[in-house]
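1. model this:
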Amino acid sequence: MRTLPVNIGDQVQLFIDNHMIEMVNFVTRTLHQPKKYDQNPIIRKDKPWEVVPYFRTNTWNVCFDAEENIYKCWYEDLGLDHEMFLGHRDASGDPIDASFHDACNMRYLYAESTDGIHWDKPELNYRVIDGRKTNICLGDKEFGKVHSWSILLDPLDEDRSKRFKGIMWHEQTGFIDASIRAVYSADGRHWMPYEQPIDIGESTGLPLGDVIILSADAVSGEYCLDTRAIAMCERTINPKLPTTKAWGLPYHPNDPWGMSKRRVFSTTSRDFFHWTMLDETIVPDDVDDRLDDEFYGLTRFRMGDLYVGFLDIFHRTHNTKTVHLVCSRNGHDWNRVHRGDPFLGLSPEGQWDCYMAEICNQPIFLDDEIRIYYGGANLHHDWWEQGQREGLDVPEAQPGFGGGQMGLGLSTLRPEGFVSIDSTVREGILVTRPFLSDGTRLIVNVECGPKGYFDAELSDANDDVVPGFERSACDTFHGDSTRHVVTWNAKAPLPRQILARGAKLRFFSRHASLYAFRIEGTEETA
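-> As a prediction, this is how the structure comes out:
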């Protein structure tokens, strides 16, 4: 079937989905997990005013501020008074769930680093505890409580005083007066509240749940919130069915009108204050997903013309969290990559991140690696919180959470290294769909094994090989490079007239991994 050429310009083309693939033979797609830093966690509880540093979805953000040439991190401390929480009960003696917010003094702390690995917690002139300055940057009796604060180094706003923006779940006293609020900052250390309210689809009351992940798309010029609807888990309960006093509502498969699982909703804005109606974006599937899996949060980012996303999945019965990879071509319809295989999984039992791994932060792209920060814990999702009240027989249900805690971890990937197209003992072939480009040379990200090789061939849109760009003329590559310039008879320039009308590439390999390609350069570079 003939397809129209797609204009790829000089954008990187990944193989996370099949968008650029017309044909394959004897190759497979491999999902690559990032390598965890061997000295994780890089931020953990180590200050006397830190009570429960809360590295969850979404309760922390990391960015690189090129203007100051430093990494900056903001993270939540629940400030939980656990005894107060346990003491809140109704007239019958049963615990009152909403009192968890009442028992928390939620505030945000600030840290910074020159290398993104070793972090300092500077003393700020914002909040003093026990006569000592702290690194708390927002959250006190005057401002109120700060929860699920998503922070963005804004590429869209030219106002220098508002380089940093944030949207948060704000409470003056507790859950009953919660609202959505926005703040701004010039440097990320000193914050000011916006007077203008956040309007989510002209809704009234509290529209969002407590997972709020903010991003900005420099291509579309839009802000995006990937979040929750406040009432997404509510449904009519059949009083004739059995119930449990454990924390969490029952789920009814094959009942879309009564969906009670956590899932992702999205909304967009052009001005940061007026947002579209919440739209259901990613919903657990009754056929392909596990019976008790819930979709906790989505972090999106662009790579070329593709949206890539980190989907945090809550495995409810085991009470654990892992991260899965998703992708989209329009920012709304998302597809799972290697469904069932985690992109970021749990470490072995006993390690600091053996029960929860979560991402709510866009990657930081460096020349030699992709840095992916993540929250981890040797505590389960809610056993540490609800276990003592429920009488669960687990260590974290003991006072002090059984010694468990949460922290910030670092993991890294090869540039463009989310997935690769791999060949083994048989020669593998990949043919691209027809494309247009005004570039002049082919750049590939490819890794060959000890006995591996990689060749390329150029054809027109009618599958006729372009003279001079046959496979036999290609200078075979045997190495490992993220930016290998493909040449034919030692020459790199591609025929511009072919690329302007429609071209295809044919990749041949054995014992090799192809991560990405792009057509880039000008006549001058050629």
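2. stretch 260-278: how far from the chain's middle?
-> 17 Å (Cα atoms, centre = their mean, to the nearest Å).
3. between the two ends of it, how far is it?
-> Terminal residues of stretch 260-278 are spaced 17 Å apart (Cα to Cα, to the nearest Å).
4. and that stretch, which residues are buried?
-> 260-269, 272, 275-276, 278 (16 or more other Cβ atoms under 10 Å). Placement of C-beta: from N, CA and C, glycine included.
5. those: which two are farthest apart?
-> Ser260 and Phe272 (31.6 Å; Cβ to Cβ).
6. which residues touch the closest residue to Glu171 other than its chain neighbours?
-> Nearest residue to Glu171, sequence neighbours excluded (Cβ to Cβ, 6 or more residues apart in numbering): Lys145, at 4.1 Å. Taking Cβ atoms under 8 Å, 6 or more residues apart in numbering, we find Lys145 in contact with His101, Cys104, Asn105, Met106, Arg107, Gly139, His170, Glu171, Gln172, Thr173, Gly174.
7. now intersect these with the helices, please.
-> His101 (DSSP state H).
8. relative to Gly304, which of the contacts of Lys145 is nearest.
-> The closest of these, once distances to Gly304 are taken by Cβ to Cβ, is His170, at 36.4 Å.
9. from the contacts of Lys145, list the buried ones, please.
-> His101, Cys104, Met106, Arg107, Gly139, His170, Glu171, Gly174.
10. could you measure from the first one over to Met84?
-> Summarising the geometry, the distance separating His101 from Met84, computed by Cβ to Cβ, to the nearest Å, is 11 Å.
11. what's the answer for the fourth one, then?
-> Using Cβ to Cβ, one gets 16 Å for the distance from Arg107 to Met84.
12. could you do the third one as well?
-> Counting by Cβ to Cβ, the gap from Met106 to Met84 is 14 Å.
13. how is this protein divided into domains?
-> Per automatic domain parsing, the structural domains of the chain span 6-32+419-520, 35-233+262-413.
14. mind picking out the helix or strand in the protein with the poorest mean pLDDT?
-> helix 82-87 (a mean of 75; mean pLDDT, DSSP states H and E).
15. show me what it is packed up against.
-> helix 99-102 (3 or more Cβ pairs under 8 Å, 6 or more residues apart in numbering; DSSP states H and E).
16. on contacts alone, who are the packing partners of the helix it packs on?
-> helix 82-87.
17. helix or strand next in line after the strand or helix carrying Ile213, which one?
-> For Ile213, the host element (DSSP states H and E) is strand 208-217. The helix or strand immediately downstream of strand 208-217 is strand 222-229, counting by DSSP H and E.
18. buried residues in the lengthiest strand in the chain?
-> Longest strand of the chain, by residue count under DSSP state E: strand 441-460. Neighbour counts over strand 441-460 (16+ other Cβ under 10 Å) mark 441-449, 452-460 as buried.
19. so what's the gap between that strand and the chain middle?
-> 30 Å.
20. and the average pLDDT for that strand is what?
-> Mean pLDDT, strand 441-460: 98.
21. which strands or helices does the helix or strand just after it pack on?
-> Proceeding N to C from strand 441-460, the next assigned helix or strand is strand 480-485, under DSSP H and E. Counting contacts by 3+ Cβ pairs under 8 Å, 6+ apart, strand 480-485 is packed against strand 441-460.
22. and the angle from the strand it packs on to strand 480-485?
-> 70 degrees (axes from the mean of the first three to the mean of the last three Cα atoms, to 10 degrees).
23. what's strand 441-460 packed up against?
-> Counting by 3+ Cβ pairs under 8 Å, 6+ apart, strand 441-460 packs on strand 480-485, helix 496-501, strand 503-520.
24. adding mean neighbour count and distance to Ile151, write these out as JSON lines.
-> Formatted as JSON lines, those follow (neighbours: other Cβ atoms under 10 Å; distance: least, Cβ to Cβ, whole Å):
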{"stretch": "strand 480-485", "mean neighbour count": "16", "distance to Ile151": "30"}
{"stretch": "helix 496-501", "mean neighbour count": "15", "distance to Ile151": "41"}
{"stretch": "strand 503-520", "mean neighbour count": "23", "distance to Ile151": "29"}
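25. using a markdown table, lay out these together with mean pLDDT.
-> Putting the helices and strands packed on strand 441-460 into a markdown table (pLDDT from 0 to 100) gives the following:
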| stretch | mean pLDDT |
| --- | --- |
| strand 480-485 | 98 |
| helix 496-501 | 96 |
| strand 503-520 | 98 |
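26. got JSON lines for those, with distance to Phe365 too?
-> Below are these laid out as JSON lines (distance: least, Cβ to Cβ, whole Å):
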{"stretch": "strand 480-485", "distance to Phe365": "12"}
{"stretch": "helix 496-501", "distance to Phe365": "26"}
{"stretch": "strand 503-520", "distance to Phe365": "13"}
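27. run a quick neighbour tally on the residue lying closest to Ile519 once chain neighbours are set aside.
-> Closest residue to Ile519 apart from its sequence neighbours, by Cβ to Cβ, 6+ apart: Gly439 at 3.5 Å. Using other Cβ atoms under 10 Å, the number of residues around Gly439 comes to 20.
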